[in-house]
Structure formats: C-alpha cells, structure tokens
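> Would you be able to build a 3D model of this:
(one chain, ligands or ions: 1)
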Amino acid sequence: MRFLGVLVGVLLVGGLTGLYIWMTLNDVLEGRAGVKQLLAALAAIGAGVFAAGVHLPSPAGRIDPKTVRQTPPFDRPRVRGVAPGEYEVVLIARAWAFEPNEIRVPRGSIVRFRVASADVIHGFLIENTNVNVMVIPGQIAEVTARFERPGEYVFLCHEYCGFGHHQMFGKVIVE
Ligand SMILES: [Cu+2]
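Alright, predicted model coming up:
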C-alpha cells in the first residue's frame, strides 16, 4: 500500500512538473516569457524537490580502495553483533571473492551490510531479499535486510568484474 502511495505521488508530481516545464518553455519560445521566467520555474521545481526530501542515493562513506584492508572496520571483515537481534557485516568485495563468504545469523535478525571494494566495481545481491547494490571503488555501500526465515541465502556479485566473476559468491546462513 505504501509503495502504491509513493508511486501515485511520484507520477503526480512528475506529470505536473513536466506540464509546468512544457508550458513555460512554450511561453519562452513564443515570446510570452523570457529566460528569467524559465529560470524562476526551474528554481521553483528545485525548491519543491528539496522540500519534498527527494535525494539521490549517496554512499554511506568514502574509502580508498588501495588501503581498504588497512582501514577500520575493513581491516577486520566479519560479522558482529551490535544490539540484541542486530548484526553488522563488514564485507570486502574483490576480484574474485567476498570476505567473509559465509555469514551466520539467527532467524529474525536485522543485518546491516557495509561493503567496500578493494579493486574494481562489483555488485552485491542477496537472493530472496531486497538487497541489491553496486559496490563502487571508493565508496562504502550500505544496505540492511531482515532475515525472518531460516535457510541459506546465496549472495553474489552481479557486476561483471573479470575472469573469475562467476565464482564470486557466498551465503548468509540463517539458523
Ligand atoms: Cu563480478
């Protein structure tokens, strides 16, 4: 339901914004309005977007890919408990493996993954979850998932990263 609401909102705002730009451009082209008005319209849209809290996805932090292994917390890639039922996984993606490649958490856990690349662009996707992020060298990718059902969740790299790409996978074991 919430998704539907957001979708309707985006379509409505997008449609109205498009109409507004089109009308203003028309006015400019037909000489009824000047460039000043066009700029004012774009500024108004910008302010609206800002007010609505729209923002592009941003990395959770920056990190030098050359020194990932020396930079905490990536000097110790691991799973650690941060609160009852909550875990943090510090994960390195490199050609062609994830470290660690086996992660164990109890069922019902909320797990925050922090992923950094030690070389090229990788991807991080966990089957049967909403986890699907790019792992861009220089940026820390952060994504959280809740694991309700026990079982094995395979994760893999979904950005072609060279010769051994197909063997770049691991699993979350929910007990
Ligand atoms: Cu890959």
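> now the spatially most central residue of the chain: how far from the ion?
Centre of the chain computed as the mean C-alpha position; nearest residue by CA atoms, centre = their mean is residue 133, 4.8 Å away. Distance of residue 133 to the ion, computed by CB to the ion, to the nearest Å: 13 Å. From N, CA and C alone the C-beta is placed, and that goes for glycine too.
> Ok, residue 43 next?
Counting by CB to the ion, the gap from residue 43 to the ion is 42 Å.
> Confirm that that residue sits in a helix.
Yes. Assessed with DSSP: H, G, I helix; E, B strand; the rest coil, residue 43 lies in a helix.
> Tell me, how many residues neighbour it?
10 (other CB atoms under 10 Å).
> just use 490 as the starting number from now, easier for me
Got it, first residue is 490 now, which makes that one residue 532.
> residues contacting it?
By CB atoms under 8 Å, 6 or more residues apart in numbering, the contact list for residue 532 is empty.
> pLDDT score assigned to it?
Here the pLDDT value assigned to residue 532 is 78.
> just residue 546 next, same as before
For residue 546, pLDDT reads 47.
> One more: residue 520?
74.
> mind listing what it touches?
Counting by CB under 8 Å, 6+ apart, residue 520 has no contacts.
> hang on, the earlier thing: ok, the host helix or strand of the residue nearest to the centre of the chain: who's next to it in the sheet?
Element membership of residue 622, judged by DSSP states H and E, is strand 621-624. Each strand paired with strand 621-624, and its direction, by DSSP bridges: strand 611-615 (antiparallel).
> can you pull the alpha-carbon coordinates of the partner strand into CSV?
Extracted in CSV, the C-alpha atoms of strand 611-615 (Å, rounded to 0.1, in the frame of the first residue of the first chain):
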residue,chain,number,x,y,z
HIS,A,611,31.4,-5.2,-8.0
GLY,A,612,27.8,-5.8,-7.1
PHE,A,613,26.2,-7.3,-4.0
LEU,A,614,22.9,-9.1,-4.4
ILE,A,615,21.3,-11.5,-1.9
